[in-house]
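In: got a sequence here, can you build the structure:
(2 chains)
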Amino acid sequence: MRHLLSTADLELTDVTAILDLAEEMADVQHRSIKKLPALRGRTVVNLFFEDSTRTRSSFEIAGKWLSADVINISAKGSSVSKGESLRDTVLTVAAMGVDALVIRHMTSGAPLQVTGWTDAHVINAGDGMHEHPTQALLDAFTLRRHFGGDTGSFSGRRIAIVGDITHSRVARSNVILLKKLGARPVLVAPPTLMPAGVDSWGCEVSDDLDAVLGGVDAVMMLRVQRERMSGGYFPTPREYTIGYGLTRERVSALKPGTAICHPGPMNRGLEISADAADAANSLILDQVAAGVAVRMSVLYQLLGGEDQQ
Amino acid sequence: MADTTSDTGGPEPQRVVLDAEDISRALTRIAHQILETNRGAEGLVLAGIPRRGVPLAERLAKAIESAEGIRIPVGALDITMYRDDLRTQPTRPVGHTRIPVSVDDAVVVLVDDVLMSGRTVRAALDALGDLGRPRAVRLAVLVDRGHRQLPIRADHVGKNLPTSADERVLVRLAETDGSNEVVITKPDPAHEEASI
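Out: Residues are numbered from 1 along each chain as shown, chains lettered A, B, ... in the order given. Coordinates of the predicted model:
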């Protein structure tokens, strides 16, 4: 594996290897010395053109726990704010001899473009409305643990992905990965937030959350991305909550043990209620913890061996 | 001790230097040495280095249990991330590290099948240091074949086996390989040496 740009690029064996190694990496979080020497002497640059808390900090922690040198560059406060292009920024950073670029960009396909400008390994940390592969991997890691172990535990599992599917790179990556693992994703959204061509995604689609909820093993709520919406996707936030929010009543309609997931940040009271976010079967904080382990695993898979040019 | 030349399963001539009984006797002796050095089983932890060090550690724990009636903790200490040749090899799969008790103030006996360059043991000492601060660390190996590249020696050795650099020592255990024997063979690029 040279880059991680899309979950579609991963074979099932790659996914299994990443998740299995993440189990080993997760143990490091419970040690008093949270450090492995595997990436000693490697440099990882987090190049974030969009705001982020958990993705950027978990990539930073993951790199540091593997003993890599980690640099964070965000658009604000860098030469990007002076008008420097993506290409020039990447060439500048690459010229400093970095080994991996973790890139988040508001344009779909930007990380793929970057691979043509540098010899460094490139990891997509979210590109526009396209993909967020490490989020899907950490979701799979969290659910695999919840379902009880091996990759086969996904077989036949019905997993609802609810909300703003149109703008969600998390939904795209998850549908591809969950199907690869043998699960049956169900997309639930108001018709205005369901992307054109969703039929080609190869999964069940519904606009009736209540009809779906009782028959799923996990429910992934998506953030309503107000910053990407020019308006008109739903009448009012209140109406969105009534139709598609994971309210207290809907939590009680779930089968016992149904996992509740959310990639964060959450709009409490809009797509997810406080009762749902803090429920006993909520895996939201497990997802955050899994983020570090999964990103350690990905960094090791890409950088833990000889340089492959 | 068996010392025969055989041609089992391949073109490479193999000389069996330890058979199943020899291995069993060697492990019983090592178990008693460990108890003698430690003056009993108090505070002992056995940490096998995957792959074959782990079943060897299990067998040593059984031998110690037979002798003393005490079951001592056995774990696995994977050293992959601590290797000094990671950047010269394709990405290596990482094994399990599971030590069931804290190593702080314990007497940890590292267990491996073959001791050669000493680099595996160096990596294991680093890995152990990240888990805690043992009172003492000792090293038990089934075979010491020489060719050290680091100032490391074993405390307990099943068999000292002087070899030439181009020979290979293959340890086969029932748990991992289906049979119990130690053989010397000429190099076979299709197989990987047990230690770095």
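In: how many neighbouring residues does residue B:59 have?
Out: Close neighbours of residue B:59, defined as other Cβ atoms under 10 Å in any protein chain shown, add up to 25. For the C-beta atoms, the positions are set from N, CA and C on the backbone; glycine is no exception.
In: near chain B, which residues of the stretch 51-200 of chain A?
Out: residue A:66 (Cβ under 8 Å from any Cβ of the partner chain).
In: over to residue A:2: give its phi and psi.
Out: phi -100, psi -40 (degrees, to the nearest 10).
In: element containing residue A:146?
Out: In the assignment (DSSP states H and E), residue A:146 maps to helix A:133-147.
In: what is the helix or strand following that helix packed up against?
Out: Moving toward the C-terminus from helix A:133-147, the next helix or strand (DSSP H and E) is strand A:158-162. Here strand A:158-162 touches helix A:169-180, strand A:184-188, helix A:209-213, strand A:218-221, going by 3 or more Cβ pairs under 8 Å, 6 or more residues apart in numbering or on different chains; DSSP states H and E.
In: helices or strands up against the helix holding residue A:146?
Out: Using 3+ Cβ pairs under 8 Å, 6+ apart: helix A:133-147 touches helix A:12-28, helix A:54-65, strand A:121-127, helix A:169-180, strand A:218-221, strand A:259-261, helix A:284-303.
In: just want the residue of the stretch 201-309 of chain A that's nearest chain B.
Out: Here the stretch 201-309 of chain A gets closest to chain B at one residue, residue A:305, 3.3 Å apart by Cβ to the nearest Cβ.
In: let me know the average pLDDT across the helix holding residue A:146.
Out: For helix A:133-147, mean pLDDT rounds to 97.
In: what about that helix, distance to the chain center?
Out: 9 Å (Cα atoms, centre = their mean, to the nearest Å).
In: one more: stretch A:37-57?
Out: On Cα atoms, centre = their mean, the centre of stretch A:37-57 falls 15 Å from the chain's centre.
In: endpoint to endpoint, that stretch covers what distance?
Out: Terminal residues of stretch A:37-57 lie 19 Å apart, using Cα to Cα, to the nearest Å.
In: equivalent analysis for stretch A:245-257, please.
Out: End to end - Cα to Cα - stretch A:245-257 spans 19 Å.
In: need the winner for burial among the helices and strands packed on strand A:158-162.
Out: With neighbours defined as mean count of other Cβ atoms under 10 Å in any protein chain shown, those peak in mean count at strand A:218-221, which reaches a mean of 26.
In: indicate which one of the helices and strands packed on helix A:133-147 is closest to residue B:107.
Out: Among the helices and strands packed on helix A:133-147, the nearest to residue B:107 by Cβ to Cβ is helix A:12-28 (22.9 Å).
In: is any residue of the helix or strand following that closest one near chain B?
Out: Using DSSP H and E, the next helix or strand after helix A:12-28 towards the C-terminus is strand A:43-48. No - Strand A:43-48 is not in contact with chain B by Cβ under 8 Å from any Cβ; minimum separation 13.3 Å.
In: list the pairing partners of strand A:43-48 within its sheet, with orientation.
Out: Strand A:43-48 sits in its sheet next to strand A:69-74 (parallel), strand A:100-105 (parallel), going by DSSP bridges.
In: between the first one and helix A:54-65, how big is the angle?
Out: Going back to what we said before, that points to strand A:69-74. Going by axes from the mean of the first three to the mean of the last three Cα atoms, to 10 degrees, strand A:69-74 is angled at 160 degrees with respect to helix A:54-65.
In: what is whatever helix or strand comes next after strand A:69-74 packed up against?
Out: The helix or strand immediately downstream of strand A:69-74 is helix A:86-95, counting by DSSP H and E. Secondary-structure packing of helix A:86-95 (3+ Cβ pairs under 8 Å, 6+ apart): strand A:43-48, strand A:100-105, helix A:110-115.
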